[in-house]
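K.L.:
Okay, sequence plus prediction incoming.
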Amino acid sequence: MLLGLVLCASALAATGDYPIQPVPFTQVRLTDRFWQPRLLTNARVSIPYAFKKCEETGRISNFEVAGGLKKGAFRGSFPFDDSDVYKIIEGAAYSLQVNPDPKLEKYVDAVIAKIAAAQEDDGYLMTWRTIDASKPPTDWSGTAARWSDIKGGHELYNMGHLYEAAVAYYQATGKRSLLDVALKNADLIHKTFGPGKRMEVPGHEEIEVGLFKLYRVTKDPKYLELARFFIEQRGNASGHKLYGEYAQDHKPVLEQSEAVGHAVRAGYLYSGVADLVALTGDAAYGKALGRIWDNVVTRKIYLTGGIGASRRGEAFGADYELPNMEAYNETCAAIANVFWNHRMFLLEGDARYIDVLEQTLYNGVLAGIGMEGESFFYPNPLESDGVYKFNQGSCTRKPWFDCSCCPSNATRFIPSVPGYVYAVRENELFANLYVNGTAKVTVGGGTVQLEQTTGYPWDGRVKINVKPGRQQNFALLLRIPGWTGKAPLPGGLYHFLDAGPDTLAVRVNGKAVSALSPTKGYVRIERSWKPGDTVDLTLPMPVRQVKSDSKVAANVGRVALQRGPIVYCAENADNPAMVKQISLSQDLPLKDVPKKDMLNGVVTIEGDLPGNRRVVFIPYYAWAHRGAGEMRVWIPEGK
């Protein structure tokens with residue numbers, strides 16, 4: 001039986017969109033010591049910093065030159081550099097909705113004016129070609145003609161990010177300036193591509209997600225139809241020469257059952273396909289997504305939630321090909337994995353998708369972003385010798401890249417994190433992530449205020465104060481994370497060595513809830529809620545050792561450590577000149593040690609090895625903040 005998705009087309013078609021709707025991030029305020037600093041750093045440091053780097057590298061001046069606002073030549077090596085500006089605008093839009101900043105808004109308005117000036121009369125927008133099509137970027141294989149290299153030219157990929165940014169800025173400010181640019185371009189794309197027109201599909205998926213967002217805002221069916229065309233035409237040799245597995249263009253999506261090729265492209269494709277299922281009720285595509293998801297979680301995902309093991313094409317490897325030091329695990333791919341799994345949850349309401357999302361969020365995504373907000377990993381290996389310069393010429397985080405998709409992607413992703421905490425389906429309220437903060441939720445026809453008090457992810461005690469405007473009936477579904485059970489991730493690729501804690505507890509107004517058999521990973525509490533009701537959830541967080549499937553050759557004879565949703569590693573900064581000498585026996589006493597003044601506040605895992613050698617493990621996401629050096633997630637087993 002597939003671990004993935006089986007859907008009822010008629011039920012979905014009746015909703016017109018996802019049957020479960022996320023509570024918008026604008027209605028969820030995080031006030032904890034873990035996420036609030038990240039959100040503020042992104043708003044105050046990362047977004048302005050990213051715009052500054054775009055100024056320094058010519059990404060913004062390219063729009064000015066293309067628009068005739070100044071003279072000059074195209075600056076940059078890649079035809080997709082424009083997309084970085086779009087992604088940062090999207091992040092700024094999200095940030096402005098919760099952190100109003102007139103100075104930032106004025107700056108973004110000025111950037112948008114430059115983008116509008118660069119757009120050609122018929123809607124086309126690609127700065128290097130408008131500036132001088134005879135002098136393309138060095139990383140380019142096409143000709144001067146438009147659409148000459150849809151496989152690698154990123155004309156359509158860029159526009160997907162433009163559309164997402166345009167919708168976000170319109171929703172944040174009510175201003176149509178960028179939305180009008182996006183719609184003019186989308187109309188051109190619609191005139192150019194489709195049945196009876198150009199039949200190619202983009203080599204790098206992304207426009208599909210952007211078109212679905214334009215459709216939701218405008219309700220114009222041509223955008224939905226165009227997105228569906230790009231998805232249905234992928235892998236269809238009638239109309240274009242197939243690009244192969246690298247671009248998931250080797251066979252029709254409906255016939256695919258394995259995650260292959262460039263991992264970011266794949267994650268964006270799967271997110272777009274999920275949108276298609278939600279908006280059209282096409283169950284066949286839902287089943288295809290289920291098969292592919294099953295392949296990923298049973299054979300191709302890292303313990304950190306990272307995907308895309310191979311440096312050969314930034315791609316998925318073969319089944320069980322999960323090297324550690326050579327791991328690629330692009331930060332963008334981790335972000336795409338969150339997008340995809342969130343959409344899977346919104347379709348099916350199964351907590352296993354949130355288990356993958358959470359594991360990826362706290363480990364695979366956060367590792368890619370320096371806590372100071374100005375340094376980034378492109379790849380995210382699970383082991384480093386401190387010498388091999390895996391991160392595009394560095395063995396620690398870098399302030400920017402020639403190809404800077406990861407920093408710009410991070411700036412748009414971080415502000416959206418509060419939107420993953422809660423979701424609603426009719427009379428049901430899902431609590432998916434546990435984080436200190438407040439929320440305003442509409443469920444069952446009424447408005448409910450929620451207040452979470454917790455020290456998560458370091459402490460598994462969660463209190464939720466439920467404050468409906470009036471006494472109200474609805475069901476609160478509390479997610480019981482998979483890491484409280486036998487495995488840190490669904491699919492069986494990884495398992496804990498111990499049986500797991502048996503002290504999970506749920507109380508409502510101090511009274512224990514006796515039926516703790518989760519359905520699809522949720523404990524359901526259905527009652528007539530009144531102001532002042534409280535729910536207490538206790539999720540034990542012992543230190544646990546993890547083993548991977550024996551087919552993962554890189555991890556044979558090795559174990560990893562996890563506590564709650566956090567994966568740990570040994571780093572040279574805490575274990576000088578001994579990372580490679582550490583081994584772990586199953587009975588070695590290990591304890592968690594809170595360190596409020598270390599790495600912005602963490603819980604370390606510590607123990608004593610034979611010979612009075614103290615060993616310290618830190619959260620994987622926090623490594624490489626104290627200089628380059630050795631690091632390991634998977635530790636040899638000792639006797």
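P.N.:
Yep, it's here.
K.L.:
Only C-alpha atoms from now on, for both contacts and neighbour counts.
P.N.:
Noted.
K.L.:
So for the closest residue to Thr41 other than its chain neighbours, what's the pLDDT?
P.N.:
Counting by C-alpha to C-alpha, 6 or more residues apart in numbering, the nearest residue to Thr41 once its immediate chain neighbours are dropped is Gly373, at 6.0 Å. pLDDT recorded at Gly373 is 98.
K.L.:
any idea how far Ala237 is from Ser148?
P.N.:
For Ser148, the distance to Ala237 (C-alpha to C-alpha, to the nearest Å) stands at 18 Å.
K.L.:
show me the contacts for Phe541.
P.N.:
Careful, residue 541 is Met; it's not Phe. Shown in contact with Met541 (C-alpha atoms under 8 Å, 6 or more residues apart in numbering): Trp458, Asp459, Gly460, Thr484, Arg563, Gly564.
K.L.:
just curious, which of the residues you listed is nearest to Phe390?
P.N.:
Phe390 lies nearest to Arg563 out of the contacts of Met541, by C-alpha to C-alpha, at 27.2 Å.
K.L.:
beta partners of that closest one?
P.N.:
With DSSP bridges applied, Arg563 shows beta-bridge pairing to Ile566.
K.L.:
quick one: it and Leu539 touch, right?
P.N.:
No: judged on C-alpha atoms under 8 Å, Arg563 makes no contact with Leu539 at a distance of 11.1 Å.
K.L.:
What is the three-state secondary structure of the residue nearest to Thr41?
P.N.:
coil (DSSP: H, G, I helix; E, B strand; the rest coil).
K.L.:
Quick check, it in contact with Asn42.
P.N.:
Yes: if you go by C-alpha under 8 Å, Gly373 and Asn42 touch, sitting 6.2 Å apart.
K.L.:
hmm, back to that, ok, the residue nearest to Thr41 - contacts?
P.N.:
With C-alpha under 8 Å, 6+ apart, Gly373 has these contacts: Thr41, Asn42, Val45, Ser46.
K.L.:
May I have the phi/psi pair for it?
P.N.:
phi 90, psi 10 (degrees, to the nearest 10).
K.L.:
Kindly report the same for Pro48.
P.N.:
Residue torsions, per degrees, to the nearest 10, at Pro48 are phi -60, psi -40.
K.L.:
Give me the neighbour count for it.
P.N.:
17 (other C-alpha atoms under 10 Å).
K.L.:
cool, Ser77 as well?
P.N.:
Around Ser77 there are 14 residues (other C-alpha under 10 Å).
K.L.:
in the stretch 401-550 of the chain, which spans are strands?
P.N.:
422-425, 428-431, 437-443, 446-454, 461-468, 472-479, 494-496, 505-508, 511-512, 522-529, 533-538, 544-548 (DSSP state E, counting those that start in this stretch).
K.L.:
and the ones you listed as JSON lines, adding distance to Pro100?
P.N.:
Formatted as JSON lines, the strands of the stretch 401-550 of the chain follow (distance: least, C-alpha to C-alpha, whole Å):
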{"stretch": "strand 422-425", "distance to Pro100": "23"}
{"stretch": "strand 428-431", "distance to Pro100": "27"}
{"stretch": "strand 437-443", "distance to Pro100": "18"}
{"stretch": "strand 446-454", "distance to Pro100": "23"}
{"stretch": "strand 461-468", "distance to Pro100": "27"}
{"stretch": "strand 472-479", "distance to Pro100": "32"}
{"stretch": "strand 494-496", "distance to Pro100": "43"}
{"stretch": "strand 505-508", "distance to Pro100": "37"}
{"stretch": "strand 511-512", "distance to Pro100": "42"}
{"stretch": "strand 522-529", "distance to Pro100": "34"}
{"stretch": "strand 533-538", "distance to Pro100": "32"}
{"stretch": "strand 544-548", "distance to Pro100": "42"}
